[in-house]
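Q: Pasting the sequence and the predicted coordinates here, then a few questions.
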Amino acid sequence: MANEKKPYYTDDELIARMWAKETVKDLMARHAHYYSSDLRRQELCDLWVTTPMYRRTASLANNFGYYVGMDEISNYYVVQHTQRRYEQLAAYADVPKDNLHLGHGVMSHHTSNTPLCYIAEDGKTAKYLAYDCGEQTVGKPDGTMDAYFVFGLIFADLVCENGVWKIWHLALLHDHTIPVGRCPLKSSRAMIHWRRSSASQRSNGQCMSRFSAGSTCIRICRAPTTAIQIFGAMVQKVNWGCLIMREKGWKSDESKPEL
């Protein structure tokens, strides 16, 4: 759809295409702010397609489902999400159950990083790719919380409706959802083993920590590395709170949160 093949553009065409790219980036940045602020209904009204033809074929995808048509998108993205927020609010006995207090105890932050944007040759459609680095926290009346770092890709098809760029197709796909403030036993033991090893063992890559977790093999410090690199490797390999460097199959935890 969005394909830049034309070998030459006039100065006016180049200016128009540069302006289109900046407009698309601005649109997706606004999506990130609406998304973070739980302004989902306003987002659908302000940022998404309005032409009947595009509304019928609009789509929203995430790790939990795929929704086609603005009615179906609105039901999932707004109605069902609002119901979840009311359920979360019900746990607080001293907080009024109204729209003003909806989202009480919830903190959400999503960003749009390293954007890559392609404008079609005819200037009517565009493709957008970026990375979301964010977090999602849902507090509880007892002071505990469910908190997660979320990292994932943002894919979007956009269309220019009457000179205004709008979201047509959107996919929000998380690569990693990492529980915050939880240190799995296996990972803790692996780091303790690394700390107790000698400096020469660490520098020569001789330190090896193996723990069996079902069919999972956890390894630390296989190659010459520093403490910073070890920590980076741990974070990079965390999936749903478990440090896994796989040699065999692994069945991941299916109780992942819908953010």
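A: Cool, got the structure.
Q: Which positions within stretch 13-22 qualify as buried?
A: Within stretch 13-22, the residues scored as buried using 16 or more other Cβ atoms under 10 Å are 17, 20-21. Where you see a C-beta, it was placed from the backbone N, CA and C, and this is true even at glycine.
Q: Narrow those residues to those in helices?
A: With DSSP state H as the criterion, helices contain 17, 20-21 from among those.
Q: Just send the residues you listed back as JSON lines, with distance to Phe151 and pLDDT too.
A: Output for these, formatted as JSON lines (distance: Cβ to Cβ, whole Å; pLDDT from 0 to 100):
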{"residue": "Arg17", "distance to Phe151": "30", "pLDDT": "94"}
{"residue": "Ala20", "distance to Phe151": "28", "pLDDT": "96"}
{"residue": "Lys21", "distance to Phe151": "25", "pLDDT": "96"}
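Q: circling back to that earlier point, and of the buried residues of stretch 13-22, the nearest to Ala58?
A: Ala20 (20.0 Å; Cβ to Cβ).
Q: Tell me how many other residues surround the closest residue to the closest one other than its chain neighbours.
A: Once flanking residues are discounted, Ala20 sits nearest to Ile119: 5.0 Å by Cβ to Cβ, 6 or more residues apart in numbering. When neighbours are defined as other Cβ atoms under 10 Å, Ile119 has 24 of them.
Q: Residues in a beta bridge with Ile119, which ones?
A: Beta-bridge pairing of Ile119 under DSSP bridges involves Ala126.
Q: Specify the beta-bridge partners of the closest residue to Lys124 other than its chain neighbours.
A: Once flanking residues are discounted, Lys124 sits nearest to Cys160: 5.3 Å by Cβ to Cβ, 6+ apart. Counting by DSSP bridges, Cys160 is bridged to Trp165.
Q: where does the stretch 1-150 of the chain dip in pLDDT?
A: For the stretch 1-150 of the chain, residues meeting the criterion pLDDT under 70 lie at 1-7.
Q: redo that, cut-off 80
A: 1-8, 93, 99-100 (pLDDT under 80).
Q: So which residues of it form strands?
A: Here the stretch 1-150 of the chain has its strands, by DSSP state E, counting those that start in this stretch, at 59-62, 65-68, 106-109, 113-119, 125-139, 145-161.
Q: Closest one to Leu47 out of the ones in helices among the buried residues of stretch 13-22, please.
A: Ala20 (15.9 Å).
Q: From what I see, the closest one and Trp165 are in contact.
A: Yes: the criterion here is Cβ atoms under 8 Å, and Ala20 meets it with Trp165 at 7.2 Å.
Q: Now list whatever residues contact both of these two.
A: Shared contacts of Ala20 and Trp165, defined by Cβ atoms under 8 Å, 6 or more residues apart in numbering, are found at Ala126.
Q: Just the C-alphas of stretch 153-165, formatted as CSV.
A: Output of stretch 153-165 as CSV, limited to C-alpha atoms (Å, rounded to 0.1, in the frame of the first residue of the first chain):
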residue,chain,number,x,y,z
LEU,A,153,5.8,-3.0,18.5
ILE,A,154,3.3,-0.5,17.1
PHE,A,155,2.1,-1.1,13.6
ALA,A,156,-0.3,1.3,11.8
ASP,A,157,-1.9,1.9,8.4
LEU,A,158,-3.1,5.5,8.0
VAL,A,159,-5.2,7.2,5.4
CYS,A,160,-5.6,10.8,4.4
GLU,A,161,-9.3,11.7,4.6
ASN,A,162,-10.1,15.1,3.1
GLY,A,163,-6.6,16.3,3.8
VAL,A,164,-6.5,15.0,7.4
TRP,A,165,-4.5,11.9,8.4
